[in-house]
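Colleague: build the 3D model from these lines:
(one chain, ligands or ions: 1)
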Amino acid sequence: MPLVGVIMGSKSDWEVMKEAVDILKNFGVSYEVKVVSAHRTPEFMMKYAKEAHERGIEVIIAGAGGAAHLPGMVASLTHLPVIGVPVPSRNLNGLDSLLSIVQMPYGVPVATVAIGGAKNAGLLAVRILSVKYPELGEKMRKFMEEMRNDVLSTELV
Ligand SMILES: Nc1c(C(=O)O)ncn1[C@@H]1O[C@H](COP(=O)(O)O)[C@@H](O)[C@H]1O
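Modeller: From the prediction side, this is the model:
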């Protein structure tokens, strides 16, 4: 049973969103991937968001571009944590996506990462899950240590 639901407004978001999936794979976290659109498949979006918890999903990563209503709408339909990924858009380079996702009203939080920040969405999902699954905390500490060592061993000249 997947722990993380990775959803996106269009298959055109996959290039960006697959980076979140790669992180989940690397940490050994189970996931599912689906195209779900608040605009194009509103009934399916409602069903997906309402049923996610009872299906065993614990975190949702939702990516969308442009008028990116998907993450916020999903967060309005489930108590699960929702991480929003602003997907870079053709005309406004993702600034529209970012503002659509980040400016949520009180009561409906979406944890928003940077434009195109799908890797961090994956890492944030792992951190959230590590509260319940200590082995993920262990893997996250190892990841952080490797990153630190990488930086400290950098020699430019
Ligand atoms: N922002 C949304 C939603 C939504 O928020 O429900 N559904 C699709 N889209 C976005 O439209 C962009 C263009 O989609 P197409 O490439 O399919 O035309 C995508 O980035 C998608 O996330």
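
Colleague: now for the longest helix along the chain, which elements pack on it?
Modeller: Looking across the chain with DSSP state H, the single longest helix is helix 134-152. The helices and strands touching helix 134-152, judged by 3 or more Cβ pairs under 8 Å, 6 or more residues apart in numbering; DSSP states H and E, are helix 118-130. C-beta coordinates here come from the backbone N, C-alpha and C atoms, glycine included.

Colleague: dump the C-alpha coordinates for the longest helix of the chain into PDB.
Modeller: The C-alpha trace of helix 134-152 is given here as PDB (Å, rounded to 0.1, in the frame of the first residue of the first chain):
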ATOM      1  CA  PRO A 134      12.300   5.900  12.600                       C
ATOM      2  CA  GLU A 135      14.200   4.100   9.800                       C
ATOM      3  CA  LEU A 136      13.400   7.000   7.500                       C
ATOM      4  CA  GLY A 137      14.800   9.400  10.100                       C
ATOM      5  CA  GLU A 138      18.000   7.300  10.100                       C
ATOM      6  CA  LYS A 139      18.200   7.500   6.300                       C
ATOM      7  CA  MET A 140      17.600  11.200   6.300                       C
ATOM      8  CA  ARG A 141      20.400  11.800   8.800                       C
ATOM      9  CA  LYS A 142      22.700   9.800   6.600                       C
ATOM     10  CA  PHE A 143      21.700  11.800   3.600                       C
ATOM     11  CA  MET A 144      22.300  15.000   5.400                       C
ATOM     12  CA  GLU A 145      25.700  13.800   6.600                       C
ATOM     13  CA  GLU A 146      26.700  12.800   3.000                       C
ATOM     14  CA  MET A 147      25.600  16.200   1.800                       C
ATOM     15  CA  ARG A 148      27.600  18.000   4.500                       C
ATOM     16  CA  ASN A 149      30.700  15.900   3.800                       C
ATOM     17  CA  ASP A 150      30.400  16.600   0.100                       C
ATOM     18  CA  VAL A 151      30.300  20.400   0.700                       C
ATOM     19  CA  LEU A 152      33.200  20.300   3.200                       C
END
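
Colleague: which residues sit against that helix?
Modeller: 27-29, 123, 126-127, 129-131 (Cβ atoms under 8 Å, 6 or more residues apart in numbering).

Colleague: can you check stretch 1-17 too?
Modeller: Here stretch 1-17 has contacts from 20-21, 24, 29-40, 48, 52, 55-65, 68, 70, 74, 85, 87-88, 116, 118, 125, 129, using Cβ under 8 Å, 6+ apart.

Colleague: considering only the residues you listed, which also neighbour the ligand?
Modeller: 37-40, 64-65, 68, 70, 87 (Cβ under 6 Å from any ligand atom).
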